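> test case, fold it:
(chains A, B, C, D, E and F)
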There are 6 protein chains.
Amino acid sequence: MTDKTRPLLLTGASGNLGRALTKALGEAGWVLRLTDIAPFPDTVPEGSTFTKADLNDGVTILRLAEGCQAILHFGGISTEHPFETVLGPNYRGLYHVYEAARREGARVLFASSNHAIGFHERPSGNAERLDATCEFRPDTFYGLSKAFGELMGRLYWDKHGVENLNLRIGSSFPEPVDRRMLSTWLSYADLARLVEKFVAAPRVGHAVVWGASDNADTYWGADHRDRIGWQPQDSSEPWREKVGDKVSGDPVTERYQGGGYTADGYTRKVPSPKDAFSLD
Amino acid sequence: MTDKTRPLLLTGASGNLGRALTKALGEAGWVLRLTDIAPFPDTVPEGSTFTKADLNDGVTILRLAEGCQAILHFGGISTEHPFETVLGPNYRGLYHVYEAARREGARVLFASSNHAIGFHERPSGNAERLDATCEFRPDTFYGLSKAFGELMGRLYWDKHGVENLNLRIGSSFPEPVDRRMLSTWLSYADLARLVEKFVAAPRVGHAVVWGASDNADTYWGADHRDRIGWQPQDSSEPWREKVGDKVSGDPVTERYQGGGYTADGYTRKVPSPKDAFSLD
Amino acid sequence: MTDKTRPLLLTGASGNLGRALTKALGEAGWVLRLTDIAPFPDTVPEGSTFTKADLNDGVTILRLAEGCQAILHFGGISTEHPFETVLGPNYRGLYHVYEAARREGARVLFASSNHAIGFHERPSGNAERLDATCEFRPDTFYGLSKAFGELMGRLYWDKHGVENLNLRIGSSFPEPVDRRMLSTWLSYADLARLVEKFVAAPRVGHAVVWGASDNADTYWGADHRDRIGWQPQDSSEPWREKVGDKVSGDPVTERYQGGGYTADGYTRKVPSPKDAFSLD
Amino acid sequence: MTDKTRPLLLTGASGNLGRALTKALGEAGWVLRLTDIAPFPDTVPEGSTFTKADLNDGVTILRLAEGCQAILHFGGISTEHPFETVLGPNYRGLYHVYEAARREGARVLFASSNHAIGFHERPSGNAERLDATCEFRPDTFYGLSKAFGELMGRLYWDKHGVENLNLRIGSSFPEPVDRRMLSTWLSYADLARLVEKFVAAPRVGHAVVWGASDNADTYWGADHRDRIGWQPQDSSEPWREKVGDKVSGDPVTERYQGGGYTADGYTRKVPSPKDAFSLD
Amino acid sequence: MTDKTRPLLLTGASGNLGRALTKALGEAGWVLRLTDIAPFPDTVPEGSTFTKADLNDGVTILRLAEGCQAILHFGGISTEHPFETVLGPNYRGLYHVYEAARREGARVLFASSNHAIGFHERPSGNAERLDATCEFRPDTFYGLSKAFGELMGRLYWDKHGVENLNLRIGSSFPEPVDRRMLSTWLSYADLARLVEKFVAAPRVGHAVVWGASDNADTYWGADHRDRIGWQPQDSSEPWREKVGDKVSGDPVTERYQGGGYTADGYTRKVPSPKDAFSLD
Amino acid sequence: MTDKTRPLLLTGASGNLGRALTKALGEAGWVLRLTDIAPFPDTVPEGSTFTKADLNDGVTILRLAEGCQAILHFGGISTEHPFETVLGPNYRGLYHVYEAARREGARVLFASSNHAIGFHERPSGNAERLDATCEFRPDTFYGLSKAFGELMGRLYWDKHGVENLNLRIGSSFPEPVDRRMLSTWLSYADLARLVEKFVAAPRVGHAVVWGASDNADTYWGADHRDRIGWQPQDSSEPWREKVGDKVSGDPVTERYQGGGYTADGYTRKVPSPKDAFSLD
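So this is what the prediction gives:
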């Protein structure tokens, strides 16, 4: 049985997902070590602690992880930014997280992103959904850093047996707000349930899981969710009417899974003539 | 027809492969822009130039690439080192190379490595050889940086149409010196021929090519070499006797394609019981 | 005719002058690329974009400038600060701006300052006014960085044909607030008109223009304003009474054009005995 | 009379000019504080000291200057390099040198360069020679840093009364080796004599002196050498035959005073049509 | 008699103690140079100045100290933080402060802390109180940086005759808020009186003074307060009832003088068996 | 009994003492992890490894220490240098070493120095020798960093039970070369014997030991050598005649234990009038 007194290290605690998880896991009785480069804006749950720290400061990250059974890595840059801005937190930071996990024999839940594979086309109709073993096709510097983070997990599993689950989050917000999110939305509650399942699972290995709720529409198919026994319970369906059917009208945005991220700075010739992609 | 007067930017010019390429391409009449953080130890070919520069200095890298038709990226850290040492040249440096290529409409030949996929097992007997579309399984921080570099190429092709060939070099030395190299050896001459084919090819897209000569033994199968019309002409066979049949005796080293790199710091339980890998 | 759809890159967009220009140019129908290290506090004009960026990040600055016809460089440290504080934004940043302009064939409007020449004496009576070709006599680390910026423009014009206008801004505020500003005031409207004239001018070369409105009092004479066909239309005269006739009483402040900046930290012997300056 | 026991701080002591000056001044009985980022390769003169230090380390530079009557600033980057390479030593370093001089009431001899004005045209025939009060026209990042250094001296004289002489060195080598150096050569002996005159002069103010020997050909005219009573005694004439009459044949190199530095990376249209320069 | 017009440099001016001292010393007629990395939130006293500066910027710190008779060093990190966070301000910063003092012939009041000696046990009953010459026993990275700062003062006194007083502040707040503070509290008024005595004292040497008011309970005995003629006048006694008698219950916290700081991250075996400490 | 197969991490392996220890400990059968920022110039003993690493790279230092039973910390700057040069290796580096030791439950032998207490006077005649519990009186920035290192050990012992021995090395060279070294010399053989005793000792606690051989003359008295059962066996006496009786003649050098280090940059009034020190 899971021992809730062995702490979980939660990075990025002061962000939206970090705060939601802190609330949910705190109420569920977990002991949390919270950390972020920004102050924690809420009340720290009884028995948990918050330490302000920079993901670039590896020795401190290693120390924060001492005695933890798992690291929930939600820290770092979480939207598109200049590469130079991403480099410290999302590359050096990942290394620090995995070194910490290796030292502790802890497992890692990495908040990866659909933007690590955003240049896969959206499926049409009943076409097959994308398997989690698909090729990486990052759509931004942000997405590239997430692909890198998954590979760091691959290396630490192969070489050191550090178990890790890479959650390719679609869109995790209080509710879906546009049409694409009807496919990609992940509810906070489903996320929190996944985290608890992840910590409790007997074996994880190097796993990849699509981070979306049980939506009627979806881009994504097979993954490793069975390893932890997670099934999402929420759905974007109740918001369908509210969201409406407006789409961007941009052909790149609408063609690829990463949506607007793929179109941001896109300079390749517009993907209409089929042969432009024959070398993919 | 290829215009040999449009320069090729060669990074890492002062390294072993850089020097070999400088000699071969210089003699073949190409105009080279050579750069390295270390001084160039040989005579710069007539019509070519050498500029000492740090891959971390992006604005300078972009300037060096002006007017080039291709970037041959052999610079950066080329063996295993602490992550912090690798970060600047192999991550920030890759970004600078691809920004330069995008600006120039140049293509990139990236000196990737078998260590980006080193944790795939060596094939036994007539088992199928590894396809270039295989999953990344880096075996070191060095290998991880190479996987990252390939994904940077993936992003710049998908988003900006920057063509790139990722050459997963096995072992490129004057001659093979151990038994593993009978499989992985890439002769300098085959490398130089590949570079010329790469520059001259009409279309490259995002290509991956195994960097080995026409050896009798090999780990590797299908790749994109046809896109550039390259076939290796040399073979490790003449060195077989000289190399002898001594192997390391280390079960990790001998099991995986990355050889000694996979065993360096390996702390996972030794891979004998089959089920230890059931979650791979 | 000027093509208003080819973007203008405006650095320092979140500062006072940057915000005033964004408003004026946006209303005039220009497409703006806005950037600053601080968030933009106003609404971004329709069709324009804002990107948070650090002038120290050269590759990002170069990318922001892509396709721009001009760079309006109002970014960097804009008052006196320790030299170390000024070094990154005002020196490295200038280099990035000019490299960007060279790459794009864009011209540069550089927000220089009267403090680049602040140690020239104020003219008395009908004495000749200072010509823009006068010697640099910076009065602060800030002013020195502005002189440097003008020389960077000189270099890029001489070597690369990058056209640039160096606007030696006197005091650009909503209204003049002290007696010195009756001479040095530059209205926001005159500034905005100058920018539009600058972009539209057929040839600029390396130009220097005094940045003051059509004030009754002035320190400054001939410059290159005719090249762009600009004449200021506002005047400080309506504020003369409101401003009053209080002066600082400090002999250094009142003697030199740079005003209080010249007296800030002044340790040379007070400039009364004429011969103290015989070696100027 | 000059007190030779009050030390002179010599930066860049391990460079060619630094070593030549150390020898000459040591033999002349001056007490020297030598410093450089590179080890000093010669014997330190009796009574003098050498300290390895980085010009970026301001507190150390200030300490080295304590009690010195003059700073002979020959340190920093002394040929063309990427701007980023130049920034620390030649910008931050200059600030440290002048802060040190201000603290000590010491004067500064700054090893400036003809490359600070290299884009002035060479005079033809009996045309007037260039006056030291001419406009700065730097020809490289190196030359720009030298113009900056002179302006730093201008600021510290105007604001703090720090006396400084800016020696625009032409070509200071053991002997002239090409035709341009027949005009620009400065002998080590003339340089050493100038330094002694500089230290001994009663008043210097902010002075600019052309750093060339008494050559038959010259680009340069009036300057402030009379303030220190220096006249060069050597001439390039004896080397005329040895040097020969070969010229580069490059129109930019031959047109401008800075020679090959002006042509290095030159991308402006070649200066034949007169009107291309009408906006200079 | 003390000359109140020779300025006092106060670092950390924007902190709680800095603001309290600014108020008290300003009202007492001292001329203050205030500095901090954060803006000063109050009105700067008439005749005083505030300069925003980073303790890492040594040349600026040295300049701020010019002409000052004393440096009141209250700047830097003032609670427990990761070592990396403490390193710049509390180590490099201390060096800058002492170099400044040496240059000016100024004396230094260093805001040291009881946490430099926090691992001394609290005295029981009438046991002897701790002498200021006791061994350093820092209880945190913060406390270690304070011990370092005292030793920097030791070095500058021994080698350069820079006088300094190291005030080992207990708990300086508007009022005591817990039981430990009944022993360690230092009132703002006692602190301000000490500062004035310190500046006025004829000789200080290298002094150490316990920074506590005249409390009924105390941990501390002999020190050098007589050198400056200071006696605290306030006492924590009036707050005894309000504070109550609640203690932490943590054996480490209650055993050592540093209180909660000693228990923060404590991993040594709990100090009950006497022999665990036999090697102290 | 001591297990020689549990590795010893030796930092500074490429320095003089590091090389001597590598040789001696290698021959004695210890397994060594050698590290230095400079390449190791000798043959690495069979079974040992060398890794090039920077003491500033904490995560790497922590990794190198994994599984080690002790850290022999001889790395860092080992003579006087500017403070800025010392800061990284000797402050940040010390933190990394102690964090590593805490993680491993390893003990630390710290190569401290007599310069941590160099401003104690030399004993005359039969006066009492200095006890290891004496006050720190560092004589240089180097010596100050050593005092800091000892206090870091104090903190880690008090808070985490990390055992450490601080060896205040006098002068450890192949042989004594001046008169002062007759008192301070520590033979390489005595050093190597001490290291072995240290590793084998059942308990160390926080110990301080004078690092000198069994010399006829000595400055130093009681220390903690009994805890490890070490007695030096060599003596400087055989070199007495060869060394001669020349002394520096400098009163500061000859008065204090630190010798020439105390006189380096000394600016306090020469210590003849007794009362100048009355405030010590």
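
> A:Tyr91 is in contact with A:Ile77, correct?
No - applying C-beta atoms under 8 Å as the test, A:Ile77 and A:Tyr91 come out as separate, 10.2 Å apart. (Glycine included, C-beta is placed from N, CA and C.)

> of these two, who's got more company?
The residue with the greater number of neighbours, taking A:Ile77 and A:Tyr91 and applying other C-beta atoms under 10 Å in any protein chain shown, is A:Tyr91; the counts read 25 against 19.

> what are the buried residues along stretch A:187-205?
Across stretch A:187-205, burial judged by 16 or more other C-beta atoms under 10 Å in any protein chain shown covers A:187-188, A:190-199, A:201, A:204-205.

> not counting its neighbours along the chain, what's nearest whatever residue of the stretch 51-200 of chain A ends up closest to chain E?
Per C-beta to the nearest C-beta, A:Thr60 is where the stretch 51-200 of chain A lies closest to chain E, at 4.3 Å. Distances taken as C-beta to C-beta, 6 or more residues apart in numbering or on different chains put E:Pro82 closest to A:Thr60, at 4.3 Å, once the chain neighbours are dropped.

> tell me who's in contact with that neighbour.
By C-beta atoms under 8 Å, 6 or more residues apart in numbering or on different chains, the residues touching E:Pro82 are A:Ala53, A:Asp57, A:Val59, A:Thr60, E:Phe141.

> and of those residues, the nearest to A:Asp178?
Sorting those by how near they are to A:Asp178, with C-beta to C-beta, puts A:Ala53 at the top with 34.7 Å.

> the residue nearest to A:Gly88 when sequence neighbours are not counted - how many residues pack around it?
Distances taken as C-beta to C-beta, 6+ apart put A:Asn56 closest to A:Gly88, at 4.9 Å, once the chain neighbours are dropped. A count of neighbours around A:Asn56, defined by other C-beta under 10 Å, yields 16.

> try A:Gly105
Applying other C-beta under 10 Å, we find 12 residues neighbouring A:Gly105.

> next one: A:Trp220
Applying the criterion other C-beta under 10 Å, we find 24 residues in the vicinity of A:Trp220.

> still on that earlier bit, now the common contact residues for A:Ile77 and A:Tyr91.
A:Ser145.

> now the spatially most central residue of chain A. Nearest residue, chain neighbours left out?
Nearest to the mean C-alpha position of chain A, by C-alpha atoms, centre = their mean, lies A:Ala111 at 2.6 Å. Counting by C-beta to C-beta, 6+ apart, A:Phe74 is the residue found nearest to A:Ala111 once chain neighbours are left out, at 4.5 Å.

> what does A:Ala216 give?
A:Glu237 (5.2 Å).

> same question, A:Ala13
The shortest distance from A:Ala13 to any non-neighbouring residue, by C-beta to C-beta, 6+ apart, is to A:Leu34 (3.7 Å).

> for A:Leu32, same thing?
Closest residue to A:Leu32 apart from its sequence neighbours, by C-beta to C-beta, 6+ apart: A:Ser48 at 3.9 Å.

> from memory that neighbour sits against A:Lys23, does it?
No - counting by C-beta under 8 Å, A:Lys23 is not a contact partner of A:Ser48; they are 11.1 Å apart.

> more neighbours, these two?
A:Ser48 (20 against 15).

> how confident was the prediction at that one?
As predicted, A:Ser48 sits at a pLDDT of 97.

> so what's it up against?
So A:Ser48 contacts A:Pro7, A:Thr22, A:Gly26, A:Trp30, A:Val31, A:Leu32, A:Arg33, A:Leu34 (C-beta under 8 Å, 6+ apart).

> so who does the closest residue to the third one other than its chain neighbours touch?
To tie it back to what came earlier, the one meant is A:Gly26. In this structure, A:Gly26 finds its nearest non-sequential neighbour in A:Pro45, 3.0 Å apart by C-beta to C-beta, 6+ apart. For A:Pro45, the contacting residues are A:Thr22, A:Lys23, A:Leu25, A:Gly26, A:Glu27, A:Leu32, by C-beta under 8 Å, 6+ apart.

> the strand or helix carrying the fourth one: what's the following helix or strand?
Assigned by DSSP states H and E, A:Gly26 belongs to helix A:16-27. Downstream of helix A:16-27, the next assigned helix or strand under DSSP H and E is strand A:32-36.

> which elements pack onto that next one?
Packed against strand A:32-36, as judged by 3 or more C-beta pairs under 8 Å, 6 or more residues apart in numbering or on different chains; DSSP states H and E, are the following elements: strand A:8-11, helix A:16-27, strand A:49-52, helix A:58-64.
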